[in-house]
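K.L.:
test case, fold it:
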Amino acid sequence: MINYVRRRRIILIAMAVTSILFLIFIFNLINNALNDNSKPSSVDMSEVSLLSSTSDSSVSMEIRKEIQADEYFSTYLVTVSPSTRSIVAMTGYDKKIVNSKSYGNNKYAYEQFVYALNKADILNIRNLNENDNDTRGVCPTGTLTTFNVTKGQTLVKKIWTTSCKDSKGNMKANYSKIYNLFVTQFPDDAKSIISEL
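P.N.:
Sure thing, here's the model as predicted:
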């Protein structure tokens, strides 16, 4: 009788341990499956958007000159998409267009360009809090350069830097390398606008 009770307890304990181990196994299996199906990080999504060559993809470089009277304030915008390339010179804070040049583009040229930007580490940025990432009024006596990765009407990534030592922005990549990649997307007849940058 004692052996029967002891045997029964051992069987019950073994069944309880087996059930607990089985539940832990199922929990880990579900947890791993959920983690595998999680969304890619924002960095991954930025890279996917940067390297996309669909018709709604574009990258741009905007250079804001020093903050001064509306009559003297100027901004330059360079935009490249799979179908077009444009340079626009604007004056005033309301960005009135004073000069522009536009050219066609193709998917293959665009693909080479954005892959070159990626290899130049354009998406390598510093993490800034919301206040430090606000570009309004930064570097008032110098230039603010903003590089944007856009998908349709959505701004996917904003990378910026300035010519002021105390406002380096979130950009960690080599500025000259990225700047030159944008400028060299244009032929010689655009040099009159580019030289003003």
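K.L.:
ok, Leu51 to Lys151 distance?
P.N.:
11 Å (Cβ to Cβ, to the nearest Å). Using the backbone N, CA and C atoms, a C-beta is placed for each residue, glycine as well.
K.L.:
these two - which one has more neighbours?
P.N.:
More neighbours surround Lys151 than the other of Leu51 and Lys151, with 18 against 14 (other Cβ atoms under 10 Å).
K.L.:
per-residue confidence at that one?
P.N.:
Lys151 carries a pLDDT score of 92 in this model.
K.L.:
contacting residues around it?
P.N.:
Shown in contact with Lys151 (Cβ atoms under 8 Å, 6 or more residues apart in numbering): Ser49, Ser52, Asp56, Ser57.
K.L.:
redo that, cut-off 10 Å
P.N.:
The contact partners of Lys151, by Cβ atoms under 10 Å, 6 or more residues apart in numbering, come to Met45, Ser46, Val48, Ser49, Leu50, Ser52, Thr54, Asp56, Ser57, Ser58, Lys157.
K.L.:
list the residues that contact the most centrally placed residue in the chain.
P.N.:
With distances taken as Cα atoms, centre = their mean, Lys157 lies nearest the centre of the chain, 3.1 Å away. Taking Cβ under 10 Å, 6+ apart, we find Lys157 in contact with 42-43, 45-47, 49-50, 59, 122-123, 125, 147-151, 170.
K.L.:
repeat the analysis, applying 6 Å as the threshold.
P.N.:
Going by Cβ atoms under 6 Å, 6 or more residues apart in numbering, Lys157 touches Ser46, Val149.
K.L.:
Three-state assignment for Phe182, please.
P.N.:
helix (DSSP: H, G, I helix; E, B strand; the rest coil).
K.L.:
isn't it right up against Met61?
P.N.:
Yes. Judged on Cβ atoms under 6 Å, Phe182 makes contact with Met61 at a distance of 4.6 Å.
K.L.:
which residues do these two both contact?
P.N.:
With Cβ under 6 Å, 6+ apart, Phe182 and Met61 have common neighbours Val78.
K.L.:
where along this protein do the strands fall?
P.N.:
57-64, 74-80, 84-91, 96-104, 144-151, 154-162 (DSSP state E).
K.L.:
and Arg85, how many neighbours does it have?
P.N.:
Counted with other Cβ under 10 Å, the neighbours of Arg85 add up to 22.
K.L.:
rewinding a little: and the strands of the chain: which comes nearest Asn131?
P.N.:
Proximity to Asn131 (Cβ to Cβ) singles out strand 154-162 among these, at 14.3 Å.
K.L.:
buried residues in that closest one?
P.N.:
In terms of neighbour count (16 or more other Cβ atoms under 10 Å), strand 154-162 has its buried residues at Val156, Lys157, Lys158, Ile159, Trp160, Thr161, Thr162.
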